[in-house]
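>>> task: produce atomic coordinates for the following.
(one chain, ligands or ions: 1)
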Amino acid sequence: MDERADPGPASRQAVSRRTERVASAVPIQMMMAFRMRSGYATRRLEPGVVDLTFGDPHELAPDAYVEALADALRPRDELWFAYMQSDEAAQAAAAASLERVVPLGWGPDDLRMTTGGFGAITVAFKVLADPGEEVVYNLPPWFLYEPLALEAGLVPVKVRARLPSFDLDLDAIAAALTERTRIVVVNTPNNPTGRIYPPETLEALAAILERASDRWGRRIWIVSDEPYNRIVFSGSTFHSPAQFYRHTLVCYSYGKTLLAPGQRLGYLAVPPTLPERAELLAAVDLMQIAAGWLFPNAVMQHAVPALERLAFDVPALEAKRDHVVSTLRAMGYELDVPQGTFYLWVRSPVADDEAFVGDLSGRGVLVMPGALFETPGWFRICLTATADSLEAAMPHLDAAIRAARV
Ligand SMILES: Cc1ncc(COP(=O)(O)O)c(C=O)c1O
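Residues are numbered from 1 along each chain as shown. Coordinates of the predicted model:
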């Protein structure tokens, strides 16, 4: 018999175990199914269908945005499109704006430009934790923490938010910490709930993490995922965990405030007061390269100073939020008024949120089921749709809750 005929099971496996581990994550399986096989997949481009799922733009980008990119496309020197890590002018503009939101004395060299929030979180996970170590985060979560953690070899540890406020459950977080915990992810303003965690909560979390780090003689870090830190409504104030716990890496994405998530742009910021700052920044530089050149394209980086001058219209979004919240409440939906972000987190009128979302999609309104956020019984509405589209969705949302009640 020719021994080369059957090379054995090991070489029949086409993909790595790492890939299999990522593929085994339920949130990513559900996300892929949602994008490829749900009512969203089949109906979203149909005329008259209102898509309230992802934070995508629903109108042409504003002229000022297009002009900022067009201007950045014109080369000023022969190195304009050369290999670029973090561009100094981009870092300076980003640091100045971060300082306005999170005043900690940030300088340009405290930031590294990344391919959006995704790139920043990816690098933070790889730099801070080793395979087998644990990353704690809150449910309902942004659905891609789990695959990013698994890809980095980390073990996701999930802690349910405290109901009914959906604030962090500090007792549950404290109970979840072990000697293997390396990272706690905090996402405020929160996707999907719209909560902004109060300063007292962040202060108490910092004390818990200081004690736990001392107990095990190993630092537990916060990865503060704050792409919505500029989308904060009147009456609410944003505080970053970095203001209470200096062992915090801040991850930011421009995809939300510029409503252009397909243009990958963000940063990872290392607090200037951090004793391990130089070591961390060197590690970030290294991992951005090693993980596949996770720097934004040259054009996007050149555009940052101009993009930083564009303002997100929070008052217009707030008006939309107020109108939709009161209209939904009048129909009988239960929901809190979000303090930030462009999401509404709504209780499904029937326990099976996927069935309810399916019914809504049959009526021509697409939203995301709570199951995608590991929180059945809820659904998420995205307010980036135009006011007219939102208005067009209202009779269908009304009909759906009425039908659910009979
Ligand atoms: C909480 C949260 N973190 C990170 C990201 C990733 O942002 P980006 O796609 O701009 O990199 C998102 C995007 O939806 C998000 O909602």
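>>> now for the closest residue to the ligand within the stretch 101-250 of the chain: which residues touch it?
Per CB to the nearest ligand atom, the residue of the stretch 101-250 of the chain with the smallest distance to the ligand is residue 116, at 2.6 Å. Where C-beta positions appear, they are placed from N, C-alpha and C, glycine not excepted. Contacts for residue 116 (CB atoms under 8 Å, 6 or more residues apart in numbering) come out as 253-255, 261, 264-266, 296.
>>> which of these are buried?
With neighbours counted by 16 or more other CB atoms under 10 Å, the contacts of residue 116 contain buried members at 253-255, 261, 264-266, 296.
>>> those residues: which two are farthest apart?
Of all pairs drawn from these, the one with the longest distance (CB to CB) is 261 and 296, at 12.8 Å.
>>> how far away is residue 72 from the ligand?
Remark: distance between residue 72 and the ligand (CB to the nearest ligand atom, to the nearest Å) = 18 Å.
>>> in contact with that residue, which residues?
So, once contact is read as CB under 8 Å, 6+ apart, residue 72 ends up touching 299-300, 302-303, 306.
>>> at 6 Å instead, please
Counting by CB atoms under 6 Å, 6 or more residues apart in numbering, residue 72 touches 299, 302-303.
>>> stretch 341-349: which residues count as buried?
341-346, 348-349.
>>> among the residues you listed, which are in strands?
Secondary structure defined by DSSP state E assigns 343-346 of those to strands.
>>> what's the closest non-adjacent residue to residue 356?
When the adjacent residues along the chain are set aside, residue 356 lies closest to residue 348, with 4.7 Å between them (CB to CB, 6 or more residues apart in numbering).
>>> same thing with residue 398?
The shortest distance from residue 398 to any residue that is not its chain neighbour, by CB to CB, 6+ apart, is 4.9 Å, and that residue is residue 331.
>>> got phi/psi on the residue nearest to residue 242 when sequence neighbours are not counted?
Sequence neighbours aside, residue 248 is the residue nearest to residue 242 in space, at 4.1 Å (criterion: CB to CB, 6+ apart). With angles defined as degrees, to the nearest 10, residue 248 sits at phi -130, psi 130.
>>> residue 248 against residue 226, yeah?
No - under the criterion of CB atoms under 6 Å, residue 248 is not in contact with residue 226, lying 10.1 Å apart.
>>> three-state assignment of the residue lying closest to residue 73 once chain neighbours are set aside?
Nearest in space to residue 73, with sequence neighbours left out and distances taken as CB to CB, 6+ apart, is residue 299 at 5.5 Å. Reducing the assignment at residue 299 to three states with DSSP: H, G, I helix; E, B strand; the rest coil gives helix.
>>> same deal with residue 275?
Under the three-state scheme (three-state DSSP), the conformation of residue 275 reads as coil.
>>> what are the phi and psi values for it?
Backbone torsions of residue 275, given as degrees, to the nearest 10, read phi -60, psi -30.
>>> again with residue 266
Main-chain torsions, residue 266, degrees, to the nearest 10: phi -170, psi -170.
>>> take the contacts of residue 116 and keep only those in strands.
With strands identified by DSSP E, the entries of these that belong to them are 253, 266.
>>> one step back: pLDDT score for the residue nearest to residue 398?
Residue 331 carries a pLDDT value of 98.
>>> surely it touches residue 399?
No - using CB under 6 Å as the test, residue 331 is too far from residue 399 to be in contact (9.5 Å).
>>> please name the nearest non-neighbouring residue to the residue sitting nearest the centre point of the chain.
Against the mean C-alpha coordinate of the chain, by CA atoms, centre = their mean, the closest residue is residue 142 at 5.5 Å. Sequence neighbours aside, residue 191 is the residue nearest to residue 142 in space, at 5.3 Å (criterion: CB to CB, 6+ apart).
>>> end-to-end on stretch 353-371?
Across stretch 353-371, the straight-line distance between its terminal residues is 7 Å, by CA to CA, to the nearest Å.
>>> and that stretch with the ligand, contact?
No - for stretch 353-371 and the ligand, the contact criterion (CB under 6 Å from any ligand atom) is not met; the two come no nearer than 11.2 Å.
>>> residues in contact with that stretch?
Defining contact as CB under 6 Å, 6+ apart, one finds that stretch 353-371 is touched by 39-40, 43-44, 48-53, 348, 350, 376-381, 393, 396, 400.
>>> in that stretch, what counts as buried?
Neighbour-count burial for stretch 353-371, counted by 16+ other CB under 10 Å, picks out 353-354, 356-357, 359-361, 363-371.
>>> so which of those comes closest to the ligand?
Of all the buried residues of stretch 353-371, the one sitting nearest the ligand is residue 368; the distance, using CB to the nearest ligand atom, is 11.2 Å.
>>> for the stretch 201-350 of the chain, what lies in contact range of the ligand?
Taking CB under 6 Å from any ligand atom as the test, the list of the stretch 201-350 of the chain residues beside the ligand reads 225, 227, 253, 255, 261, 266.
>>> can you rerun that using 5 Å?
Near the ligand, the residues belonging to the stretch 201-350 of the chain are 225, 253, 255, 261 when assessed by CB under 5 Å from any ligand atom.
>>> quick one, what contacts the third one?
Think residue 255. So residue 255 contacts 116, 261 (CB under 6 Å, 6+ apart).
>>> buried set for stretch 228-240?
Residues of stretch 228-240 classed as buried by neighbour count (16+ other CB under 10 Å): 228-233, 238-240.
>>> what about the closest residue to the ligand within the stretch 201-350 of the chain, distance to residue 312?
Each residue of the stretch 201-350 of the chain has a distance to the ligand, by CB to the nearest ligand atom, and the smallest belongs to residue 255, at 2.8 Å. Counting by CB to CB, to the nearest Å, the separation of residue 255 from residue 312 is 12 Å.
>>> still on that earlier bit, the residue nearest to residue 73 - how many residues pack around it?
Residue 299 sits with 18 neighbouring residues when counted by other CB atoms under 10 Å.
>>> just checking, next helix/strand downstream of the worst-scoring helix or strand of the chain on mean pLDDT?
The helix or strand of the chain with the poorest confidence is helix 9-12; it has a mean of 63 (mean pLDDT, DSSP states H and E). Downstream of helix 9-12, the first helix or strand assigned by DSSP states H and E is helix 17-23.
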